[in-house]
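> Prediction below, plus the sequence it came from.
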Amino acid sequence: MSQDSKKVLVAIGFSDQSLSALNEAAVFAKTIGAEIILLTVIEENSFVSRIFGSDIKEDVIRARVEKMLTELAEAKESEFGIKMTTMVSKGVVYEEIGRVSDLLKPELVVIGTNGRPTNFRSKLIGSNAYKVVTNVRPPVITTRGVKPFSGIDTIVFPLVLDRKSKEKVGPAVHYARLFGAKIKTVAVPKNDEEKAKLIPHVNQVSEFFTKAGIENTSEILEKGKKVAPSFLSYTEEVKGDIILIMEEGQEAGGLQIFTSDVQAIISNSEVPVMCITPSYTAYESQFSNF
């Protein structure tokens, strides 16, 4: 595995969602010319450990996981024509994905998610998918594997009034160029005051995309609507292939995407969601350079 080659890191737990994530990751890997790293984390009481039963010794479980992962890599390498490497680690899933991500510095991290948590405690602590989003530096693609994915024609770009929002403009242009996709910018104001503030912001981003040579449209939805359901409904209406979001946090005033909104979008979106962490600034300077 070359440290200089492009990589896409895929978390594999052998669930249907993680296998769908691998298939979607292959589309991105082919497009950006990257190899795929398959990572399985053996965690106590995880889906992987439950496959083999609690009475099986750790070294036996690891050997079996390594065998399954190698067989999967060989099959998918043949199917997609993409180099695949396997890794097995033990620990907390999101922490291990973060550690490996820091080590390998992939272009993308791709993870399957089961959707909405089924109990109150899970809602409080968040899913592994959401924790990965907030614990790694590269963009993270989460997917439920609901719809077939073969590429990107339309990127849905939710816009908020936060100084950090520009950090996802560069990735939007980057992937729109790679896939020859168009971008649809959308915003949901709470009231007339926020709508008035959004208009020049929307125009600026639209002009930026146009100057970058990206086909794009923009729309400000009806004020007062709930953020996550509005973005998801809009994505379905325009036949979006991926949603590009960022957890904006609560340090800036005005319209933002809060943690609960990000979790709701990840848990309920029928298309892949690309999440950009605010600290990931590799594209930030491109906002003024395109």
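On my side now, so go ahead. Numbers count the residues shown, from 1 in each chain.
> contacts and neighbour counts: CA atoms only from here.
Fine.
> From one end of stretch 169-187 to the other, what's the distance?
The first and final residues of stretch 169-187 sit 14 Å from each other (Cα to Cα, to the nearest Å).
> Go through it and flag the buried ones.
Neighbour counts over stretch 169-187 (16 or more other Cα atoms under 10 Å) mark 169-176, 181-187 as buried.
> Give me the subset of those lying in strands.
Mapping these onto strands (DSSP state E) picks out Lys182, Ile183, Lys184, Thr185, Val186, Ala187.
> What is the lowest-pLDDT residue among the residues you listed?
Lowest model confidence among those falls on Ala187, which carries 91.
> Isn't it up against Glu219?
Yes - using Cα atoms under 8 Å, Ala187 and Glu219 qualify as a contacting pair, with a distance of 6.6 Å.
> Okay, now the unreliable bits of the stretch 1-150 of the chain?
Along the stretch 1-150 of the chain, the model assigns pLDDT under 70 to residues 1-4, 44-57, 115-127.
> quick one: the strands in it?
Counting by DSSP state E, counting those that start in this stretch, the stretch 1-150 of the chain forms strands over residues 7-11, 35-42, 84-90, 108-112, 140-143, given from the N-terminal end onward.
> related to what we said a few turns ago, take the ones in strands among the buried residues of stretch 169-187 and write them to TSV, including distance to Ser269.
What follows is those, written out as TSV (distance: Cα to Cα, whole Å):
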residue	distance to Ser269
Lys182	19
Ile183	18
Lys184	16
Thr185	17
Val186	16
Ala187	17
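> Of the residues you listed, which is the nearest to Val100?
Ile183 (31.4 Å; Cα to Cα).
> who touches the closest one in this structure?
Taking Cα atoms under 8 Å, 6 or more residues apart in numbering as the contact definition, Ile183 lies against Thr154, Ile155, Val156, Phe157, Ala172, Ala176, Ile214, Glu215, Asn216, Thr217.
> Which members of those residues are classed as buried?
Of all the contacts of Ile183 considered here, the ones buried according to neighbour count by 16+ other Cα under 10 Å are Thr154, Ile155, Val156, Phe157, Ala172, Ala176, Ile214, Glu215, Asn216.
> domain ranges for the protein?
When the chain is parsed with automatic domain parsing, its domains come out as 7-143, 154-288.
> for the longest one, how far is the first residue from the last?
Taking Cα to Cα, the first and last residues of domain 7-143 lie 18 Å apart.
> what separates the residue most central in space within the chain from Lys67, distance-wise?
In the chain, the centroid-proximal residue (Cα atoms, centre = their mean) is Ile141; its distance is 2.0 Å. Counting by Cα to Cα, the separation of Ile141 from Lys67 is 26 Å.
> Checking Cys275 next. Helix, strand or coil?
Assigned state for Cys275: strand (three-state reduction, DSSP: H, G, I helix; E, B strand; the rest coil).
> Look at it and say how many residues are nearby.
The tally of other residues near Cys275 (other Cα atoms under 10 Å) stands at 24.
> same thing with Ser150?
Applying other Cα under 10 Å, we find 12 residues neighbouring Ser150.
> Would you mind listing where the stretch 151-290 of the chain has pLDDT under the threshold?
162-166, 224, 247-259, 278-290.
> Show me where it has its helices.
169-179, 192-211, 227-237, 259-268 (DSSP state H, counting those that start in this stretch).
> Which elements pack onto the first one?
Okay, so that is helix 169-179. With contacts defined as 3 or more Cα pairs under 8 Å, 6 or more residues apart in numbering; DSSP states H and E, helix 169-179 has these neighbours: helix 16-32, strand 154-158, strand 182-187.
> Which helix in the protein has the most residues?
helix 58-80 (DSSP state H).
> can you list contacts of that one?
So helix 58-80 is contacted by 26, 38, 40, 42, 49, 52, 82-88 (Cα under 8 Å, 6+ apart).
> Now tabulate the contacts of Ile183 in TSV and tack on distance to Val238.
Putting the contacts of Ile183 into TSV (distance: Cα to Cα, whole Å) gives the following:
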residue	distance to Val238
Thr154	8
Ile155	10
Val156	9
Phe157	12
Ala172	17
Ala176	16
Ile214	17
Glu215	14
Asn216	12
Thr217	11
